[in-house]
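Novice: please find the sequence and the predicted model below.
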Amino acid sequence: MLFKDETIDATNQVLGRIATRAAVLLRGKNLPSFSPSTVPSVRVTVINASKLRFTGKKLDQKQHYHFSGYPGGLRATKLRDMFQKNPEKMVRLAVLRMLPDNKLRKKLITRLKVTP
């Protein structure tokens, strides 16, 4: 199978805009042969994830939550801490949440590569 490789440069770009472009490319919505039930032969690479830009006060005010399922198991992490620790994970998480929540989601996200 031949893959069409797409590259997105994240230097000085906003996270949401990058994630939207990547999600559209992964789904194949830009292709004339788009079908919602198929996985297109496209690979997306996002480069320079550590040079992303955030608007407003998001770095200090936005929080990501994780719940373990146990009482008192809600953990909150500030966006600044997550971004400094692993900027690739931020891009991957944003793209993952923009993909449809169905059986194709796992196959689509495997075709995304993020580099710092």
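Specialist: Received it, and whenever you're ready, just let me know what you need. Residues are numbered from 1 along each chain as shown.

Novice: switch to C-alpha atoms for all contacts and neighbour counts from now on
Specialist: Fine.

Novice: center of this structure - which residue?
Specialist: V95 (2.5 Å; Cα atoms, centre = their mean).

Novice: contacting residues around T20?
Specialist: 95, 98 (Cα atoms under 8 Å, 6 or more residues apart in numbering).

Novice: could you number the chain from 240 rather than 1 from now on?
Specialist: With the count now opening at 240, the last piece we talked about shows up as T259.

Novice: hang on, it in a strand?
Specialist: No - assessed with DSSP: H, G, I helix; E, B strand; the rest coil, T259 is helix; it does not lie in a strand.

Novice: separation between it and R331?
Specialist: 11 Å (Cα to Cα, to the nearest Å).

Novice: try L318
Specialist: Between L318 and R331 the computed distance is 14 Å (Cα to Cα).

Novice: what does A288 give?
Specialist: 10 Å.

Novice: what residues do these two have in common as contacts?
Specialist: Joint contacts of A288 and R331 (Cα under 8 Å, 6+ apart) are V353.

Novice: more crowded one of these two?
Specialist: Neighbour totals were compared for A288 and R331, and A288 leads with 25 against 18 (other Cα atoms under 10 Å).

Novice: my guess is that one contacts N325. True?
Specialist: No - using Cα atoms under 8 Å, A288 is not in contact with N325, being 9.4 Å away.

Novice: measure stretch 327-346 end to end?
Specialist: This stretch, stretch 327-346, spans 18 Å end to end (Cα to Cα).

Novice: so which bits of it are buried?
Specialist: Under the neighbour-count criterion of 16 or more other Cα atoms under 10 Å, stretch 327-346 has 327-331, 333-335, 338, 344 buried.
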